[in-house]
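*Asks:* Model the structure of this input:
(one chain, ligands or ions: 3)
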Amino acid sequence: MPRLILVLGDQLSDNLSALREAREGDVVVMAEVMDEASYVRHHPKKIAFVFAAMRKFANHLRGKGLTVAYTRLDDPENSQKIGGELIRRASEFDATEVIATEPGEWRLINILTYLPIKVHQRPDDRFFASHAEFENWAEGRKELRMEWFYRDMRRKTGLLMDGDRPAGGRWNFDHDNRKPARPDLLRQKPPEFEPDAVTAGVLDLVAARFPDNFGDLRPFRYATDRPGALKALRHFIDHALDEFGPYQDAMLLEDPHLNHSILSPYLNAGLLSPHEVCAAAATAHVDGKVRLNSAEGFIRQILGWREYMRGIYFLEGPDYTGRNALDHRRKLPWMYWGGETRMACMKAAIGQTRRLAYAHHIQRLMITGNFALLAGIDPARVHEWYLSVYIDAYEWVEAPNTIGMSQFADGGIVGSKPYVSSGNYINKMSDYCGSCAYSVSVRTGETACPFNLLYWDFLIRHRDRFETNPRMSRIYGNWDRMDADKRRAIRADAAAFLRRMSDGTVV
Ligand code: FAD
Ligand code: DLZ
Ligand code: SF4
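*Replies:* Ligands and ions are numbered 1, 2, ... in the order given. Coordinates of the predicted model:
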């Protein structure tokens, strides 16, 4: 009796646990469905990327001799649900069992668990750490910190290790990093991929079916298959990785990518494995092509942060996305969906998000995330935004970054203190402030940088919670030493700014 093998849009890997079990007569099921394409209003580039990559992966599997039952979005028979398609295909092929790889989202895990057909959910072992390994690591610890987990992962994998010691004698080279960048016409841009016939067909479909979603569909220059993803990896290793470390926190108006890899879409969809990406970076260092602080900084993002975020998402359970430790209730301002703003940094980060479905980590954390946290936006709305607008966004990685790292809505599980800053940090790390309607050096009044006003307002609103944090007490000392009139003015101006923002006035 044939069995169905389910392959989801972010499971496009030859070594997927479900595919490893495929035997003669089994049918691979893949389906473009509205349920998945609309649980949030995804950026059109994200939908196009997933559909094009799914179609090409289905062709690739057929080329290997597998039978693939592929449902296109506009197939008249399409039930528009993953569960519905499994039931329909089971009856078509007389199958009574489904083999699946555990999805990266509780929503879909639950759907598969309660279907009226037996679905065996196999572990997703495309990661460095299994759920059990992360749970064992977390068990009994008073505080979870990425750095300790990362060191264990380095020891386990041997990546950048000299025996049992870290290469170069240190685990972390961040103090050599975090430099601002200057515009540089010679800096390599990520490779661009002209849409082929499959991608072009998908672009037409997405243009017709999702005309109102936030974001520009065209031009579309992402790779949508493994050969393209491998080319992007090679390009990054050869042309950008060496300066990744120093410039990983920098932001420039005219350069949305800097030395970032833009590999997250391919990693998260399964077109690249984290193992091969980390190995390529480590080898480039060993071969003398890439400095250690860059190789280490890059590997830490994948072997450390990416794995750690996945561990937290599954450890914390399905209610994680609803957490709101700081009780923030404001609506997400319209500027996040492309509405006007006078803040040059927000305009830059949101503008490139609209164009590219991409912003790098510091833009997500210290511009759009920082603002949302300082302004007290409801973290559920912030989470919905990040899950919608980025081409690499899947809940297992997006939610811990947003709810945890960026919004402190988990009360300090991911980060020991909130990632907040005044305009000073943004000015130091970017060239945004020069073209802004606000002035970064002004602390009160109409022209004051909103990050300056909101920074203090946030800290004072949450004084009870953060004052006792040893990493933050000094900041409260600075506030207390400030002139009383100035403190009053900052609070009053912050309140007026938030009122204007909530009223829908352009801020
Ligand atoms: P690079 O800077 O080149 O980093 C290399 C790789 O490291 C990335 O491709 C990614 O796989 C991994 N990585 C780096 N930082 C993180 C991190 N904090 N968590 C997990 N992996 C990381 N990343 C996603 O993949 N999907 C998301 O939906 C997502 N949402 C985010 C939301 C917020 C609020 C924040 C602050 C960060 C989010 N990130 C997310 C993490 C990070 O911003 C992206 O991984 C990174 O910007 C992707 O671009 P890149 O490939 O050029 O990364
Ligand atoms: C993101 C996405 C989109 C837009 N569409 C589909 C789809 O039509 N079919 C599918 O199998 N997967 C899609 N995906 C990816 C899923 O949403 C993803 O598998 C879950 O969110 C779990 O990570
Ligand atoms: Fe952003 Fe403030 Fe700088 Fe304007 S002045 S770009 S709002 S940090």
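
*Asks:* The residue lying closest to Gln188 once chain neighbours are set aside - how many residues pack around it?
*Replies:* Spatial nearest neighbour of Gln188, excluding adjacent residues (C-beta to C-beta, 6 or more residues apart in numbering): His239 at 3.9 Å. From N, CA and C alone the C-beta is placed, and that goes for glycine too. His239: 15 surrounding residues under other C-beta atoms under 10 Å.

*Asks:* Ok, Met482 next?
*Replies:* 12.

*Asks:* Next, it: phi, psi?
*Replies:* Backbone torsions of Met482, given as degrees, to the nearest 10, read phi -70, psi 150.

*Asks:* Would you mind stating the distance between it and ligand 2?
*Replies:* Distance, Met482 to ligand 2, using C-beta to the nearest ligand atom, to the nearest Å: 47 Å.

*Asks:* now do Leu66
*Replies:* 17 Å.

*Asks:* so that residue sits right up against Arg23, yeah?
*Replies:* No. Taking contacts as C-beta atoms under 8 Å, Leu66 lies outside contact range of Arg23: 10.3 Å.

*Asks:* neighbour-wise, which of the two wins?
*Replies:* Leu66 (17 against 9).

*Asks:* How about the more buried one: what's its closest non-neighbour residue?
*Replies:* That would be Val28: by C-beta to C-beta, 6+ apart, it lies 5.4 Å from Leu66.

*Asks:* list the contacts for the residue in the chain that ligand 2 sits nearest to?
*Replies:* Proximity of the chain to ligand 2 (C-beta to the nearest ligand atom) peaks at Gly9, 2.7 Å away. By C-beta atoms under 8 Å, 6 or more residues apart in numbering, the contact list for Gly9 reads Met30, Glu32, Glu36, Val50, Phe51, Ala53, Met54, Ala269.

*Asks:* Most neighbours out of the residues you listed, which is it?
*Replies:* Ala53 (28 neighbours).

*Asks:* Where does that residue fall, secondary structure wise?
*Replies:* helix 44-63 (DSSP states H and E).

*Asks:* isn't Gly339 right up against Pro333?
*Replies:* Yes. Between Gly339 and Pro333 there is a contact under C-beta under 8 Å: 7.1 Å.

*Asks:* okay, those two: which has more neighbours?
*Replies:* In this view Gly339 and Pro333 are compared by other C-beta under 10 Å, and Pro333 has more residues nearby, 21 against 11.

*Asks:* Relative to ligand 1, how far out is Arg487?
*Replies:* Taking C-beta to the nearest ligand atom, one finds Arg487 at 30 Å from ligand 1.

*Asks:* taking the mean pLDDT, what do you get for the helix or strand hosting that residue?
*Replies:* Assigned by DSSP H and E, Arg487 falls within helix 484-503. Per-residue pLDDT over helix 484-503 has a mean of 97.

*Asks:* If you count contacts, what does it end up packed against?
*Replies:* Counting contacts by 3 or more C-beta pairs under 8 Å, 6 or more residues apart in numbering; DSSP states H and E, helix 484-503 is packed against helix 450-461.

*Asks:* What angle do helix 484-503 and the helix it packs on make with each other?
*Replies:* With axes from the mean of the first three to the mean of the last three C-alpha atoms, to 10 degrees applied, the angle from helix 450-461 to helix 484-503 works out at 110 degrees.

*Asks:* next SSE after helix 450-461?
*Replies:* Remark: after helix 450-461, the chain's next helix or strand is helix 463-466, criterion DSSP H and E.

*Asks:* who touches that following helix?
*Replies:* By C-beta under 8 Å, 6+ apart, the list of residues contacting helix 463-466 reads Leu326, Lys417, Pro418, Leu459, Met472, Tyr476.
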